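*Asks:* Here's a sequence, model it:
(one chain, ligands or ions: 1)
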Amino acid sequence: MTPLEHGGRVNAAAKHWGIPRDQWLDLSTGINPNGWPVPDLPPEVWQRLPEPDDGLETLVRQWVGAQADAACVPVAGSQEAIMALPRLRPSCRVGVPRPGYREHGHSWSCAGHQVASLDWAQVSGEDESWLDDLDVLVWINPNNPTGETIEPDRLLRWHQRLQRRGGWLIVDEAFVDGYPELSLGFATGREGLVVLRSLGKFFGLAGVRAGAVLTGPALAQCLQNTIGPWTVSGPARHVMRQALADERWQATTAERLSADSRRLGRLLAAHGLNGSGGSLLFRYVQHPRSAELADALARQGILVRQFDQPPALRFGLPGSEAEWERLAQALAACRMSLTNR
Ligand SMILES: Cc1ncc(COP(=O)(O)O)c(C=O)c1O
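*Replies:* Numbering: from 1, shown residues only. Have a look, this model is predicted:
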């Protein structure tokens with residue numbers, strides 16, 4: 001199967017639109033543009049093998065609000081877990097949200113499972129009998145790119161229903177930071193409930209490849225055996241520990257991102273892109289001419305993420321006043337009608 005496309009491909013955009021790389025404003029990802037400020041690292045983190053008892057797991061549990069006995073497996077980005085989990089079950093039926101982060105469905109299909117796409121009308125409806133057709137359900141909370149959310153009570157009910165038959169509920173919480181009321185971190189440690197967390201989005205540390213899985217002990221052991229030792233590098237473990245311990249930065253950042261996300265929604269609405277949903281780190285707006293609009297923005301050196309089904313755009317947050325101004329000017333300069341209603 002061919003690899004999926006993702007945001008953040010500025011080199012490819014530079015080539016395609018003939019604009020030098022350093023002139024792009026990349027809004028094509030949901031990564032915090034003002035991420036956790038990484039300090040100089042001590043030389044030994046580069047030189048020594050990472051040690052599993054460095055206290056990282058305890059910090060992860062505190063970060064997500066997990067019980068002390070919840071099993072925690074640090075991973076090289078939640079993507080590592082997304083690719084490993086399908087290898088831990090015999091062929092089965094898996095539900096994934098659509099639209100949603102497509103790597104989930106892709107990984108399960110590549111591993112030979114039957115994958116069904118679930119739309120919002122189905123997952124948010126009163127009737128939950130569709131769960132009985134699945135062995136594994138993946139939900140992304142909040143969903144990327146739509147920002148849709150499911151409340152923890154409902155997710156736990158789904159977990160119970162699946163777990164009675166040996167099924168799993170996987171909740172991808174890559175975008176949950178800043179929404180503590182949505183996280184299932186407090187419930188982790190039970191078998192069949194798998195929570196994925198990432199330091200790539202809110203912390204803006206996508207390049208270091210850092211994340212964690214919280215689940216029950218048996219599944220955690222299988223996952224650890226599958227990925228093997230040292231997949232999270234010494235520098236990555238060090239940076240994770242420091243960033244997770246920095247609660248003051250996390251609190252300030254949640255406030256800032258919340259204000260910026262609302263500001264982005266207002267800016268888009270002011271240019272006819274009404275009704276955007278999203279999360280702290282991006283806005284998602286359906287628009288029948290999303291491809292044309294993405295192209296018009298790209299011609300001005302602004303890269304956004306465009307989706308076809310349904311036609312929509314996702315805008316990440318500008319990181320400075322100059323970038324906000326540039327986006328405002330580019331939206332105003334788009335000569336086509338931006339009205340999406
Ligand atoms: C919803 C979601 N989950 C997981 C990932 C993987 O991120 P990472 O491997 O950096 O944790 C992404 C990346 O875009 C994502 O959008």
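
*Asks:* hey, where'd the strands end up in this protein?
*Replies:* Along the chain, the stretches classed as strands by DSSP state E are 25-26, 71-75, 93-97, 114-118, 136-140, 168-172, 193-198, 211-215, 277-279, 282-286, 302-303, 305-307, 312-316.

*Asks:* Who does the residue of the stretch 201-341 of the chain found nearest the ligand form a beta bridge with?
*Replies:* Of all residues in the stretch 201-341 of the chain, G211 sits closest to the ligand, with a separation of 4.2 Å (C-beta to the nearest ligand atom). All C-beta spots, glycine's among them, are computed from the backbone N, C-alpha and C. Under the criterion DSSP bridges, G211 forms beta bridges with V75, S198.

*Asks:* would JSON lines of the strands of the chain with mean neighbour count, mean pLDDT and distance to A243 be doable?
*Replies:* Supplementary listing: those in JSON lines, determined by neighbours: other C-beta atoms under 10 Å; pLDDT from 0 to 100; distance: least, C-beta to C-beta, whole Å:
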{"stretch": "strand 25-26", "mean neighbour count": "22", "mean pLDDT": "98", "distance to A243": "22"}
{"stretch": "strand 71-75", "mean neighbour count": "24", "mean pLDDT": "98", "distance to A243": "13"}
{"stretch": "strand 93-97", "mean neighbour count": "24", "mean pLDDT": "98", "distance to A243": "28"}
{"stretch": "strand 114-118", "mean neighbour count": "16", "mean pLDDT": "98", "distance to A243": "33"}
{"stretch": "strand 136-140", "mean neighbour count": "25", "mean pLDDT": "98", "distance to A243": "22"}
{"stretch": "strand 168-172", "mean neighbour count": "26", "mean pLDDT": "98", "distance to A243": "20"}
{"stretch": "strand 193-198", "mean neighbour count": "27", "mean pLDDT": "98", "distance to A243": "12"}
{"stretch": "strand 211-215", "mean neighbour count": "27", "mean pLDDT": "98", "distance to A243": "12"}
{"stretch": "strand 277-279", "mean neighbour count": "25", "mean pLDDT": "96", "distance to A243": "19"}
{"stretch": "strand 282-286", "mean neighbour count": "24", "mean pLDDT": "97", "distance to A243": "21"}
{"stretch": "strand 302-303", "mean neighbour count": "24", "mean pLDDT": "98", "distance to A243": "26"}
{"stretch": "strand 305-307", "mean neighbour count": "20", "mean pLDDT": "97", "distance to A243": "25"}
{"stretch": "strand 312-316", "mean neighbour count": "25", "mean pLDDT": "98", "distance to A243": "20"}
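
*Asks:* Kindly reformat the ones you listed as a markdown table containing distance to G55.
*Replies:* Compiled in a markdown table, the strands of the chain are given as follows (distance: least, C-beta to C-beta, whole Å):
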| stretch | distance to G55 |
| --- | --- |
| strand 25-26 | 34 |
| strand 71-75 | 11 |
| strand 93-97 | 34 |
| strand 114-118 | 38 |
| strand 136-140 | 29 |
| strand 168-172 | 25 |
| strand 193-198 | 17 |
| strand 211-215 | 13 |
| strand 277-279 | 30 |
| strand 282-286 | 32 |
| strand 302-303 | 38 |
| strand 305-307 | 36 |
| strand 312-316 | 32 |
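
*Asks:* OK, contacts around the closest residue in space to R299 that isn't next to it in sequence?
*Replies:* In this structure, R299 finds its nearest non-sequential neighbour in W17, 6.4 Å apart by C-beta to C-beta, 6 or more residues apart in numbering. By C-beta atoms under 8 Å, 6 or more residues apart in numbering, W17 lies in contact with 298-299, 301.

*Asks:* now swap in L257 and tell me
*Replies:* Listed by C-beta under 8 Å, 6+ apart, the contact partners of L257 are 32, 178, 202, 280-281, 317.

*Asks:* again, but for L264
*Replies:* With contacts defined as C-beta under 8 Å, 6+ apart, L264 is in contact with 276, 278, 283, 315, 317-318.

*Asks:* how about stretch 323-330 as PDB, C-alpha atoms only?
*Replies:* Output for stretch 323-330, consisting of C-alpha atoms alone and laid out as PDB, is shown next (Å, rounded to 0.1, in the frame of the first residue of the first chain):
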ATOM      1  CA  GLU A 323       1.900  35.600  10.500                       C
ATOM      2  CA  TRP A 324      -1.600  36.600  11.600                       C
ATOM      3  CA  GLU A 325      -1.300  39.700   9.400                       C
ATOM      4  CA  ARG A 326       0.000  37.600   6.500                       C
ATOM      5  CA  LEU A 327      -2.900  35.200   6.800                       C
ATOM      6  CA  ALA A 328      -5.500  38.000   7.000                       C
ATOM      7  CA  GLN A 329      -4.100  39.700   3.900                       C
ATOM      8  CA  ALA A 330      -4.000  36.400   2.000                       C
END
